[in-house]
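**Q** With the sequence up front, the predicted model follows.
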Amino acid sequence: MNAIIALSLFGISNLFLGFLNNRKILLPATLVFILIALGLNFADWNHEYYWFNNMLKTNNLSVNFVTIILLSTFLVVAISRSFGDDDEHSHPAEYYAILLFSAVGAIMMVTFENLIMLFVGLEILSVSMYVLTGSDKRSLRSNEAALKYFLMGSFATGILLFGVALVYGATSSFDIHGIAQGVAKAKEQMGGAYGPLLYSGVILIMVGLLFKISAAPFHFWTPDVYDGAPSIFTAFMSTVVKTAGVAATYRILSISFPSVYGLWGNPLVYIVCATLIIGNITAVYQQSFKRMLAYSSISHAGYLLITVLAKRPETNSSLLFYSLAYAIATITAFAVLMVVSEAQAKNGKADESFEALNGLANNNPLLAFSLTISMLSLAGIPLTAGFFGKFFVFSDAFSNPSSLFKWILVIAILMSTVGIYYYFKPIIAAYMKKGEVAKIELSPLYKFILILTTTLTILLGLAPDLVKNIF
Amino acid sequence: MIPFVFIAFIVLTVISACVVLWSNNVLYAAFSLLLTFFGIAALYVLVGADFIAITQLLVYVGGILVLLLFGVMLTNQNGNKENGKNDIIGTNTNRLIGFAVAFGLFALLFFTFAKANFVNIQSNLFESIETFSTTQNIGVLLMTDFVLPFEVSGVLLMATLIGAAYLSSKTKV
């Protein structure tokens, strides 16, 4: 909670720092701001607090989610390289301020206790992302992506709001625990059935939230938006927004609607299967590394939803571990993609295809190694964090007594093998294909982040208990 | 009398909304939208939601619609010089998908409300608007129970403001 107040203030102070002529101060200042917010966040550890008349609730689960969100934000800001501080077109102060504000929205989405807070948090996050998607004003693709994202996102928010209103009509509460009581009461009155208001409300809330985490069939905007947005903001979108969205979905489904599992569980089965199949199969056909990562983020939404669907006591920690492993690996991949695509730029346009990676290992061993580890982690190869992420998720599904989960597991495992195929494409390009990438000079911070994320990925793959015990 | 007025405003709202849908002229559609917003505000008044009715008038009719008209007027000064057409006349594409999505949503909401059982809502909750106003309650609640959403809306507005200022600022291309 204190992190929300701190980050809002820091966002504004960032704008004031933008008045200074020295742009170099912005990056370290923002990093320090995020670290302070991270420290304040730990003040809520081991306590269950309700804030402001049950608007927010913090407990260990939410502290862990906030930690992952702030860690991802920290890593994304650290690899932003001051947004090209020599470029007169860039406005780093605004970018950093909006990033901090969107972190506020994301934190509200994982700590909300009242649906109003979910809505406001989601809006803060979405509006920030609409702006950041279109921040490259000279690029037609960036503009197109921003407009698409804005129109689609507004519709999704509207649908979510419809759902909230209908659920309020059915349960006369906005409070997520109050909704659970209302649902139980309504169920009792109607003899185990549920009314149409509740039914439509839950479905519409789910559609609104699943849109934000780009689960199929609400994923159609993802490839274009992720592809068109500047890479740094795509990295932010595919980690922070996804983590917050999945956490919010899990929070509302597991707290408010556990007693009507059939109502949201049955559609979610189809959604999970469709997400896994569409995300993975389409990713195989991509020629662009960035677009492949967009489809990969769709497929990872599918894996995350499996454990939400399994509804086990271990779901909390599996979700956290998977989100952490996925976020670290994705940020590493985007960090490599950003520097390589800029170094390989043709006619002033960054080259984001797989060919740009050809022969990367010859002159840039660190970049190639980080890329390899991150791809292995995303594919779920043992000895990386991604393997244990998938392992925990699959074991949740396996321990659910319903036989349906055996079929979901079959699809999920088949699709992870498909994933291995496309995640190895960049590795093969970097090590085996003939090509020339000039030696890329990296700043010490950039090197440090690459080494840090790579080490973390390997460390969590060797000893998952390090964080699994905390989660 | 009241049912008659109620139905009259519903008819006004629906007809003007249909004009928005079927008119190819953006300006006519915008003016027709004015009537739609106005009709909805009147419906709010009739169901006793006076505060929302005023907000609807202030925000939608006063703010958004004026913005919309400004947008139409500023972007279509002399029509398109290249092909001699007036850009104010829009065209509809992808009608089928739009119709399908809209019809799906309509069907969902229609069946929801048609089948819904509104017994839980106590009728004595609603007093006559002549004696009871929601404005005071909303004001008190916004500053007590719901003060956090009220305050963090400021963050939302701030982010929007920065974004709007940044996106509309001039850059050399």
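**A** Sure, I can see it. The shown structure was predicted, so the numbers you read here are calculated from the model rather than taken from an experiment. Residues are numbered from 1 along each chain as shown, chains lettered A, B, ... in the order given.
**Q** how about the helices in the stretch 351-471 of chain A?
**A** All helices of the stretch 351-471 of chain A, identified by DSSP state H, counting those that start in this stretch, fall at A:360-363, A:365-379, A:385-399, A:404-431, A:444-462, A:465-468.
**Q** Using a markdown table, lay out the ones you listed together with distance to A:V63 and mean pLDDT.
**A** (Each C-beta comes from the backbone N, C-alpha and C, glycine too.) Output for the helices of the stretch 351-471 of chain A, formatted as a markdown table (distance: least, CB to CB, whole Å; pLDDT from 0 to 100):
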| stretch | distance to A:V63 | mean pLDDT |
| --- | --- | --- |
| helix A:360-363 | 38 | 86 |
| helix A:365-379 | 24 | 93 |
| helix A:385-399 | 19 | 92 |
| helix A:404-431 | 29 | 92 |
| helix A:444-462 | 19 | 93 |
| helix A:465-468 | 13 | 85 |
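**Q** Low-confidence regions, chain A specifically.
**A** Applying pLDDT under 70 to chain A flags residues A:82-89, A:191-193.
**Q** how about the helices in chain B?
**A** For chain B, the helices defined by DSSP state H cover B:2-22, B:26-46, B:50-55, B:65-75, B:95-115, B:134-143, B:147-168.
**Q** B:G71: neighbouring residues, count only.
**A** Residues within reach of B:G71, counting by other CB atoms under 10 Å in any protein chain shown, total 12.
**Q** Can you give me the distance of it to chain A?
**A** 14 Å (CB to the nearest CB, to the nearest Å).
**Q** what's near enough to touch whichever residue of chain A sits closest to chain B?
**A** Across chain A, no residue is closer to chain B than A:V131, which sits at 3.2 Å (CB to the nearest CB). By CB atoms under 8 Å, 6 or more residues apart in numbering or on different chains, the residues touching A:V131 are A:98, A:146, B:159, B:162-163, B:166-167.
**Q** thinking again about what came up before, mind putting the helices of chain B into JSON lines with mean pLDDT and distance to A:E94?
**A** Shown next, in JSON lines, are these (pLDDT from 0 to 100; distance: least, CB to CB, whole Å):
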{"stretch": "helix B:2-22", "mean pLDDT": "90", "distance to A:E94": "35"}
{"stretch": "helix B:26-46", "mean pLDDT": "90", "distance to A:E94": "31"}
{"stretch": "helix B:50-55", "mean pLDDT": "90", "distance to A:E94": "30"}
{"stretch": "helix B:65-75", "mean pLDDT": "84", "distance to A:E94": "23"}
{"stretch": "helix B:95-115", "mean pLDDT": "87", "distance to A:E94": "35"}
{"stretch": "helix B:134-143", "mean pLDDT": "88", "distance to A:E94": "30"}
{"stretch": "helix B:147-168", "mean pLDDT": "91", "distance to A:E94": "5"}
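**Q** Make JSON lines out of the contacts of A:V131 and add neighbour count.
**A** Below are these laid out as JSON lines (neighbours: other CB atoms under 10 Å in any protein chain shown):
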{"residue": "A:I98", "neighbour count": "28"}
{"residue": "A:A146", "neighbour count": "24"}
{"residue": "B:A159", "neighbour count": "28"}
{"residue": "B:I162", "neighbour count": "23"}
{"residue": "B:G163", "neighbour count": "23"}
{"residue": "B:Y166", "neighbour count": "20"}
{"residue": "B:L167", "neighbour count": "15"}
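**Q** A:N21 and A:S443: what is the separation?
**A** 21 Å (CB to CB, to the nearest Å).
**Q** So between the two, which is more surrounded?
**A** Ranked by neighbour count (other CB under 10 Å), A:N21 and A:S443 place A:S443 first, with 13 against 6.
**Q** mind giving me the domain split of chain B?
**A** Chain B breaks down into these domains under automatic domain parsing: B:1-77, B:134-173.
**Q** that older thread, just so I know, which of the helices of chain B lies nearest A:I107?
**A** With respect to A:I107, and counting by CB to CB, the nearest of those is helix B:147-168 at 10.4 Å.
**Q** Backbone dihedrals for the residue lying closest to A:S135 once chain neighbours are set aside, please?
**A** With sequence-adjacent residues excluded and distances taken as CB to CB, 6 or more residues apart in numbering or on different chains, A:S135 is closest to A:P230, at 6.1 Å. When read as degrees, to the nearest 10, the backbone of A:P230 gives phi -60, psi 140.
**Q** For A:P230, grab the count of nearby residues.
**A** 22.
**Q** quick one: contacts for it?
**A** Contacts of A:P230 (CB under 8 Å, 6+ apart): A:132, A:135-136, A:142.
**Q** So which of the helices of chain B is nearest A:F236?
**A** helix B:147-168 (14.0 Å).
**Q** what about that closest one, near chain A?
**A** Yes. Against chain A, helix B:147-168 shows contacts by CB under 8 Å from any CB of the partner chain at B:147-149, B:152-153, B:155-156, B:158-160, B:162-163, B:166-167.
**Q** what residues does chain B put near chain A?
**A** Taking CB under 8 Å from any CB as the contact definition, chain B meets chain A at B:105, B:108-109, B:111-112, B:115-117, B:120-121, B:144-149, B:152-153, B:155-156, B:158-160, B:162-163, B:166-167, B:171-173.
**Q** Give me the contacts around stretch A:386-395.
**A** So stretch A:386-395 is contacted by A:303-304, A:306-307, A:314, A:317-318, A:321-322, A:324-326, A:329, A:376-381, A:409, A:412-413, A:416, A:457, A:460-461, A:464, A:468 (CB under 8 Å, 6+ apart).
**Q** nope, stretch A:265-280 is what I was after
**A** Contacts to stretch A:265-280, defined as CB under 8 Å, 6+ apart, come from residues A:203, A:206, A:210, A:215-217, A:219, A:295-303, A:305-306, A:308-309, A:311, A:404, A:408, A:411-412, A:415-416, A:418-419, A:422.
**Q** Mind listing what's buried along it?
**A** Neighbour counts over stretch A:265-280 (16 or more other CB atoms under 10 Å in any protein chain shown) mark A:265, A:268-269, A:271-280 as buried.
**Q** quick one: terminal-to-terminal distance for stretch A:9-25?
**A** Distance across stretch A:9-25, first residue to last, is 17 Å (CA to CA, to the nearest Å).
**Q** what's next to that stretch, contact-wise?
**A** With CB under 8 Å, 6+ apart as the criterion, stretch A:9-25 contacts A:26, A:29-30, A:33, A:36-37, A:82, A:85, A:91-94, A:96-98, A:100-101, A:104, B:155, B:158-159, B:162.
**Q** Can you tell me the closest non-neighbouring residue to residue 2?
**A** In the absence of a named chain, this looks at chain A. Among residues not flanking A:N2 along the chain, A:L40 sits closest, at 4.1 Å (CB to CB, 6+ apart).
**Q** You answered for a different chain; I wanted chain B.
**A** Among residues not flanking B:I2 along the chain, B:L46 sits closest, at 7.1 Å (CB to CB, 6+ apart).
**Q** what's the answer for B:S32, then?
**A** Nearest to B:S32 is B:V19, by CB to CB, 6+ apart, at 4.0 Å.
**Q** Please list all residues in contact with that neighbour.
**A** B:28-29, B:32.
**Q** The residue nearest to B:I2 - how many residues pack around it?
**A** 16.
**Q** That one contacts B:I7, correct?
**A** No. Taking CB atoms under 8 Å as the definition, B:L46 is not a contact partner of B:I7, at 10.4 Å.
**Q** Just give me the neighbour total for A:D136.
**A** For A:D136, using other CB under 10 Å, the count is 20.
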